[in-house]
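>>> when you get a sec, could you give me coordinates for this:
(chains A and B)
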Amino acid sequence: DAGITQSPRYKITETGRQVTLMCHQTWSHSYMFWYRQDLGHGLRLIYYSAAADITDKGEVPDGYVVSRSKTENFPLTLESATRSQTSVYFCASSDPSNQPQHFGDGTRLSIL
Amino acid sequence: DQQVKQNSPSLSVQEGRISILNCDYTNSMFDYFLWYKKYPAEGPTFLISISSIKDKNEDGRFTVFLNKSAKHLSLHIVPSQPGDSAVYFCAASDAGGTSYGKLTFGQGTILTVHP
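Reported below is the predicted structural model:
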């Protein structure tokens, strides 16, 4: 089925480890986004991408790295995880046909 | 500094009555506003939107009102149903009146509709 999928759905890791969250969409949307959801903050934008090989920082980019070598994939990497990065991470996609962003079901990441 | 604020963390209403969720924003550059609904363990799903050139948009039981001078928008759900129980996020975009750009979200309001 067409859609946007995130993997893994749940991840537990330790501080200092590198962890990559995957996001894959089948709509060929040009725009992709990564958000984190924390209590009291709603969803905050980490990074976004307007097309393959074009990425830009959002509101809270520190400690994160993204890449977009293919239109359908937009992985998010925490190079050295910290406890403050414990959160629920959502990937989203959209395109310039003026349709709103569609979200994946999220990855719940716990850093011990 | 929170540019989009939902000041009510929760709202409880009776089935069949009206639910009114509120949202305030501070950035005058925002020109497109959206409401998303989120169930536990799922991603947010788009509900309804409004462009800054309008002051009202309706879709079935859902109506969004925009008051640009007050920098305030609200979502009305009537009649409310138990299945509407979820977290509601308002979001705003400054992408030239489009809905596909970067979004700034409020903190969310937990709506509970009692049978």
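>>> enumerate the residues of chain B near chain A.
Contact residues (CB under 8 Å from any CB of the partner chain) of chain B with chain A: B:4, B:6, B:34, B:36, B:41-46, B:49, B:89, B:91, B:98-108. No exception for glycine: its C-beta is placed from N, CA and C like everyone else's.
>>> out of these, which are buried?
B:4, B:6, B:34, B:36, B:43-44, B:46, B:49, B:89, B:91, B:98-108 (16 or more other CB atoms under 10 Å in any protein chain shown).
>>> excluding sequence neighbours, find me the nearest residue to the one residue in chain B that gets nearest to chain A.
Using CB to the nearest CB, the single residue of chain B nearest to chain A is residue B:43, 3.4 Å away. Leaving aside its sequence neighbours, residue B:43 sits nearest to residue A:103 (CB to CB, 6 or more residues apart in numbering or on different chains; 3.4 Å).
>>> try residue B:12
Leaving out its chain neighbours, the residue that sits closest to residue B:12 by CB to CB, 6+ apart is residue B:112, at 4.8 Å.
>>> ok, that neighbour - contacts?
B:10, B:11, B:12, B:13, B:85 (CB atoms under 8 Å, 6 or more residues apart in numbering or on different chains).
>>> wait, the last one sits on residue B:113?
Yes: with contact defined as CB atoms under 8 Å, residue B:85 reaches residue B:113; the gap is 5.0 Å.
>>> what does chain A put close to chain B?
So far as CB under 8 Å from any CB goes, chain A lies against chain B at A:4, A:31, A:33, A:35, A:40-45, A:48, A:58-59, A:90, A:92, A:94-106.
>>> centroid residue for chain A?
Nearest residue to the geometric centre of chain A (CA atoms, centre = their mean): residue A:34, 3.2 Å.
>>> hmm, it is touching residue A:22, no?
No: the pair residue A:34 / residue A:22 is not scored as a contact, 11.1 Å apart, by CB under 8 Å.
>>> strands of chain A, residue ranges please.
For chain A, the strands defined by DSSP state E cover A:4-7, A:10-13, A:19-25, A:31-38, A:42-51, A:54-57, A:64-66, A:76-78, A:87-94, A:102-103, A:107-111.
>>> where do the strands sit along chain B?
With DSSP E, the ranges of strands along chain B come out as B:4-5, B:10-14, B:19-25, B:32-38, B:45-51, B:56-59, B:62-67, B:72-77, B:86-93, B:104-105, B:109-114.
>>> how about CSV for the ones you listed, with mean pLDDT and distance to residue A:52 added?
Formatted as CSV, the strands of chain B follow (pLDDT from 0 to 100; distance: least, CB to CB, whole Å):
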stretch, mean pLDDT, distance to residue A:52
strand B:4-5, 96, 30
strand B:10-14, 98, 41
strand B:19-25, 98, 32
strand B:32-38, 95, 25
strand B:45-51, 95, 24
strand B:56-59, 97, 34
strand B:62-67, 98, 34
strand B:72-77, 98, 34
strand B:86-93, 96, 22
strand B:104-105, 94, 25
strand B:109-114, 97, 37
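>>> find the closest residue to chain B in chain A.
Counting by CB to the nearest CB, chain A gets nearest chain B through residue A:103, at 3.4 Å.
>>> mind pulling up the pLDDT for that residue?
Listed pLDDT for residue A:103 reads 96.
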